[in-house]
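Model the structure of this input:
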Amino acid sequence: METDVILAYDYPLLGAFWTTMWIFLWVLWIFLLFRIITDIFRDDALGGWGKTAWLVFVLVLPFLGVFVYLLARGKNMGAREVQHARARQEEVDAYIRRTAGAVGRPLSETEELARLSEIRARGDLSEEEFQRAKEKILH
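Just a heads-up that it's a prediction; the model follows:
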């Protein structure tokens, strides 16, 4: 009953390094492939047939397709990503403005004076402080 037992020290350090490197490169390749597929669908300047052709090219011949895509359209990938991020940020800002309503807008002079009068009526502000604040608002 003789069996070969593979122990950790039977696997050389350089072999472990190469295995780790290949796994890292494979994961990097998958991320790059998904990034390019996302860029294909995100590009509004590219028509439906163009998107289909690039997608088929990238999926059928992945290595060649990705390299050709990066050479042909890779220069503007960053610009498209920035444009998409800005559009998303504008949507979020518009949503916040709609949801928050008038909370974030600056007060008009009359609203500030009314608020100042309320503070004075509560007794939190002296007459002299009220006059200085009023002058500051009106000038």
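
all contacts plus neighbour counts: C-alpha atoms, from now on.
OK.

and Leu59, how many residues sit next to it?
Neighbour count for Leu59, taken as other C-alpha atoms under 10 Å: 15.

and Asp124, what element?
If you go by DSSP states H and E, Asp124 is not part of any helix or strand.

give me the number of residues near it?
When neighbours are defined as other C-alpha under 10 Å, Asp124 has 12 of them.

mind listing what's buried in stretch 132-139?
Residues of stretch 132-139 classed as buried by neighbour count (16 or more other C-alpha atoms under 10 Å): Lys134.

domains of this protein?
As given by automatic domain parsing, the domain ranges for the chain are 8-75, 107-139.

Tabulate those in TSV, adding columns for distance to Gln83 and mean pLDDT.
As requested, the domains of the chain are arranged in TSV below (distance: least, C-alpha to C-alpha, whole Å; pLDDT from 0 to 100):
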stretch	distance to Gln83	mean pLDDT
domain 8-75	10	89
domain 107-139	33	85
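
what about these, which gets the closest to Val82?
domain 8-75 (11.6 Å; C-alpha to C-alpha).

Could you dump the domains of the chain into a markdown table with distance to Ala94 added?
As requested, those are exported to a markdown table (distance: least, C-alpha to C-alpha, whole Å):
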| stretch | distance to Ala94 |
| --- | --- |
| domain 8-75 | 21 |
| domain 107-139 | 20 |
